[in-house]
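A.B. asks: quick one: sequence and predicted model below, then my questions.
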Amino acid sequence: MADLQLFNTLSRKKEVFEPLQAKKVGMYVCGVTVYDQCHVGHARVMIVFDTIFRWLQTSGYDVSYVRNFTDVDDKIIQRAKLAGIAIDELTQSMIDAFHQDMDALGCLRPTLEPRATTHMPEMIEMIQALIEKGFAYVCDSGDVLYAVRAFKDYGQLSGKNIDDLESGSRVDVDHHKRDPLDFVLWKQAKADEPSWDSPWGKGRPGWHIECSAMSCKHLGTTFDIHGGGMDLKFPHHENEIAQARAANDGGFAKYWLHNGFVNINAEKMSKSLGNFFTIKEVLERYDPEVLRMFILSTHYRSPLDYSDAALDEAKKGLDRLYETKRKLGEVEAGLLPQRFVDAMNDDFNTAEGMAILFEKCRSLNKSEDKKAAGEFYAMLNFFALLKHDADDWFQGDSEDGSNIDVLVQARDDAKKSRDYAQADAIRDQLLAQGIVLEDTPEGTRWKKA
RNA sequence: GGCAGGGUGGCUCAGUGGUACGGCGGGGGAUUGCAAAUCCCUUAUUCGCGAGUUCGAUUCUCGCCCCUGCCUCCA
C-alpha cells in the first residue's frame, strides 16, 4: 500500500505523511466566527476536512480533530448590538445553526470544539510568554502587540518577506506600532464591550492568538496537521506560527493544508463581496447530498465554481448512483478498492475517487457482482453519500403517491388492452406534474423529474 | 508592485515523459408499443502560446499571454 502523501503549504510540495506518534494524528482546523449563518464557502472547508478526518480514521489512525469557534470578535459585538441581543445569545444560536448545517451535510463532529471565550487563561499565558521572550510589547495605547521583526521565520508559510509586505501594504499606519505589520495580541477594553481581566488590564484577545492557544492546549505544542481555507494562510496562519513557535519553542503544526475557494462567476464567494449563498439557502432547493457531491467532485485545492448548473450536474450524478442502489438493494459494504485507496492516499484525491466510483457503478449496471457491490457501498459510505433509500430519493419521502399510483394503474390497464394512445396520454399528464414513468420487468414505477 | 495557484473536449473535472479518468451534454445503436432507466459505440490528431531538453512532452526547463487569490476582515 502506498503511503499517504499530502501537499504541505509549508514546503509547497507533496510530502509523505509521517505522524509524530505512531497511529495517532492531531489535527486542528480553523472553524468559524459565530456572528452569522455559514455559506457554501464554509461548507467546503468543513466537508473537505471531514473527508480528511474520515480518511485518516479509515487508514487506522486515532485522530484528535479539533475545530474551534471564535466567539469573541468585533463583528459579533456589532451584530449583537444591532440585533439588541446578548452576545452569548447570538453566539450560541449561531453555534447551533452551524451544527445543524454540519449535521445535514453529513460532517462528523470533531473530537473537540473549543470556544475562544473559555480559553482566556491559555491565551494570557501565551501572551505573557511572548512578552518575556521579547516577541511582544505593550504599546502606548495599552494594547499588547506582536513584534513581527523579532520572529526571524516570519513569512515562511505564505512565502512573503517583511519588506515586500511593507512596501505593498495597504494598512493604515498605526503610530502606536513599532512596525506597521505588528498585530494585536490583546486589546484594551472599550466601554460596554465584553472584557476579561489580564495583566494588561481589562481587555480581549486578538483573533490570531486564539487558535495558537487552543491548538497547543488540546494537541500539544507540536502536532501533525493544521488546516483551513486558503485565505487564512496570510496573515492568520502566519501569525499563528509566529506566536506558537516563539512562545513554546515548539515546532507547532508539521503539515499545513489549505483548501481552495468556492467561486461565483470566477470570483471568490465571500461575505465582503456579498456574493454568497448560505448553506440553508442552498438546502432549501437541493438535498444536502447534492452539495456534498458537488464539493467532493473537485480536488480540495482547486477552485470550485458555484452555480445552479453545477449543482444540477451533481444531482444528476447522484441520480445515476441511486439508480444503481435501487437495482442492487441494500448490500453490506465491503472493502475499498485498492485504486480508491491509492487515490485518497494521493493528497486526498476525491475527484479521482469519484471517477473510480462511477466506473464501479457502470460495471454493476452491466452485471451484479457481490464483491463489486461491496466495494461500491464502501466508497459511498466513505464519502457519506447515498444515505437515503433509493425510492425516497426518487419519489420524495413525504410525497403522497396515491394519486400517482392510481394513474399508473390506469395506464397499465390501458397498456394491457393495447390502448397506447390512452396510456401515453396518462403518461403525458403525469409528466406535466413532474412525474416520469419507467416500465421495468417488475412493473411500472415513477420518479420525480 | 510582491507572493501563491491555475489555463485539459460543448460544459465540468482528474491525470501522466510514450497515443488523455470520470460526470453532464451531443450523435448513432441495443432494449422498449413509444418512452424512461440501462448497456454498447462515438464525440480533444490534442492538453493557453512560443522555444528548449528528450528517441518522444499535455506532463520537465525557460520566456510570453490570460485568469484567480493573498498582501485589510475573510473558510
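C.D. replies: Perfect, I can see it now. Everything numeric here is computed off the predicted structure, so don't read it as measured data.
A.B. asks: measure stretch A:228-236 end to end?
C.D. replies: End-to-end span of stretch A:228-236 (C-alpha to C-alpha, to the nearest Å): 10 Å.
A.B. asks: who touches that stretch?
C.D. replies: A:9, A:29-30, A:41, A:44-45, A:157-158, A:160, A:183, A:207-208, A:211, A:237, A:256-261, A:268 (C-beta atoms under 8 Å, 6 or more residues apart in numbering). Any C-beta I mention is one placed from the backbone N, CA and C, and that applies to glycine too.
A.B. asks: filter these down to just the ones in strands.
C.D. replies: Applying DSSP state E to those, the entries found in strands are A:V29, A:C30, A:F183, A:W256, A:L257, A:H258, A:N259, A:K268.
A.B. asks: sorry, back to before: go back to the contacts of stretch A:228-236 and keep what's next to RNA strand B.
C.D. replies: A:C30, A:G41, A:R44, A:V45, A:S158, A:K160, A:F183, A:W207, A:N259, A:G260, A:F261, A:K268 (C-beta under 7 Å from any atom of the strand).
A.B. asks: let's have the residues you listed in CSV, adding distance to A:T70, pLDDT and neighbour count.
C.D. replies: Formatted as CSV, these follow (distance: C-beta to C-beta, whole Å; pLDDT from 0 to 100; neighbours: other C-beta atoms under 10 Å):
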residue, distance to A:T70, pLDDT, neighbour count
A:C30, 8, 96, 23
A:G41, 16, 95, 24
A:R44, 18, 97, 24
A:V45, 14, 97, 26
A:S158, 20, 90, 17
A:K160, 24, 86, 17
A:F183, 15, 94, 21
A:W207, 7, 94, 20
A:N259, 18, 96, 27
A:G260, 22, 95, 17
A:F261, 20, 93, 20
A:K268, 20, 91, 18
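A.B. asks: how near is A:A191 to A:A373?
C.D. replies: 66 Å (C-beta to C-beta, to the nearest Å).
A.B. asks: do A:Y28 as well
C.D. replies: Going from A:Y28 to A:A373 by C-beta to C-beta gives 38 Å.
A.B. asks: neighbour count for the two, which is higher?
C.D. replies: More neighbours surround A:Y28 than the other of A:Y28 and A:A373, with 30 against 22 (other C-beta atoms under 10 Å).
A.B. asks: tell me who's in contact with that one.
C.D. replies: A:66-68, A:211, A:214-215, A:218-219, A:223, A:225-227, A:253.
A.B. asks: where does pLDDT dip in the stretch 251-400 of chain A?
C.D. replies: Residues of the stretch 251-400 of chain A meeting the criterion pLDDT under 70: A:398-399.
A.B. asks: the closest residue in space to A:D305 that isn't next to it in sequence - how many residues pack around it?
C.D. replies: Spatial nearest neighbour of A:D305, chain neighbours left out: A:N263 (4.9 Å); criterion: C-beta to C-beta, 6 or more residues apart in numbering. Under the neighbour criterion other C-beta under 10 Å, A:N263 is assigned a count of 17.
A.B. asks: what backbone torsions are found at A:N263?
C.D. replies: With angles defined as degrees, to the nearest 10, A:N263 sits at phi -110, psi 160.
A.B. asks: same question for A:F98.
C.D. replies: Dihedral pair for A:F98: phi -60, psi -50, per degrees, to the nearest 10.
A.B. asks: next one: it from A:K387, what distance?
C.D. replies: 21 Å.
A.B. asks: okay, those two: which has more neighbours?
C.D. replies: A:F98 (20 against 13).
A.B. asks: just want the most central residue of chain A.
C.D. replies: Nearest to the geometric centre of chain A sits A:M46, at 1.5 Å (C-alpha atoms, centre = their mean).
A.B. asks: wait, doesn't that one sit right on A:C107?
C.D. replies: Yes: in this structure, A:M46 is within contact of A:C107 by C-beta atoms under 8 Å, at 5.2 Å.
A.B. asks: related to what we said a few turns ago, looking at the ones in strands among the contacts of stretch A:228-236, spot the one nearest RNA strand B.
C.D. replies: Closest approach between these and RNA strand B, by C-beta to the nearest atom of the strand: A:K268, at 3.8 Å.
A.B. asks: who are the contact partners of that closest one?
C.D. replies: A:G41, A:D231, A:F261, A:V262.
A.B. asks: surely the third one and A:P303 touch.
C.D. replies: By that I understand A:F261. Yes: contact criterion C-beta under 8 Å: A:F261 and A:P303 qualify, at 5.8 Å.
A.B. asks: in chain A, what residue comes closest to RNA strand B?
C.D. replies: For chain A, C-beta to the nearest atom of the strand, closest residue to RNA strand B: A:G229, 2.0 Å.
A.B. asks: any idea how many residues pack against that residue?
C.D. replies: Count around A:G229 with other C-beta under 10 Å applied: 21.
A.B. asks: ramachandran angles for it?
C.D. replies: When read as degrees, to the nearest 10, the backbone of A:G229 gives phi -70, psi 150.
A.B. asks: and for the one 5 residues further on?
C.D. replies: Geometry field for A:F234 lists phi and psi as phi -130, psi 130, criterion degrees, to the nearest 10.
A.B. asks: average pLDDT for stretch A:432-442?
C.D. replies: The pLDDT scores in stretch A:432-442 average 92.
A.B. asks: measure it end to end?
C.D. replies: In stretch A:432-442, first residue to last residue: 24 Å (C-alpha to C-alpha).
A.B. asks: that one and RNA strand B, any residue contact?
C.D. replies: Yes: judged by C-beta under 7 Å from any atom of the strand, stretch A:432-442 comes into contact with RNA strand B through A:V436, A:L437, A:E438, A:D439, A:T440.
A.B. asks: among these, name the buried ones.
C.D. replies: Buried members of the residues of stretch A:432-442 next to RNA strand B, scored by 16 or more other C-beta atoms under 10 Å, are A:L437.
A.B. asks: out of the residues of stretch A:432-442 next to RNA strand B, which are inside strands?
C.D. replies: In strands, judged by DSSP E, the following of the residues of stretch A:432-442 next to RNA strand B are found: A:V436, A:L437, A:E438, A:D439, A:T440.
A.B. asks: quick check, nearest of those residues to A:A333?
C.D. replies: Within those, proximity to A:A333 (C-beta to C-beta) peaks at A:T440, which comes in at 25.8 Å.
A.B. asks: now that closest one: how far from A:Y322?
C.D. replies: Separation of A:T440 from A:Y322 (C-beta to C-beta): 15 Å.
A.B. asks: same question for A:M214.
C.D. replies: 41 Å.
A.B. asks: same check, this time on A:I162
C.D. replies: Counting by C-beta to C-beta, the separation of A:I162 from A:Y322 is 54 Å.
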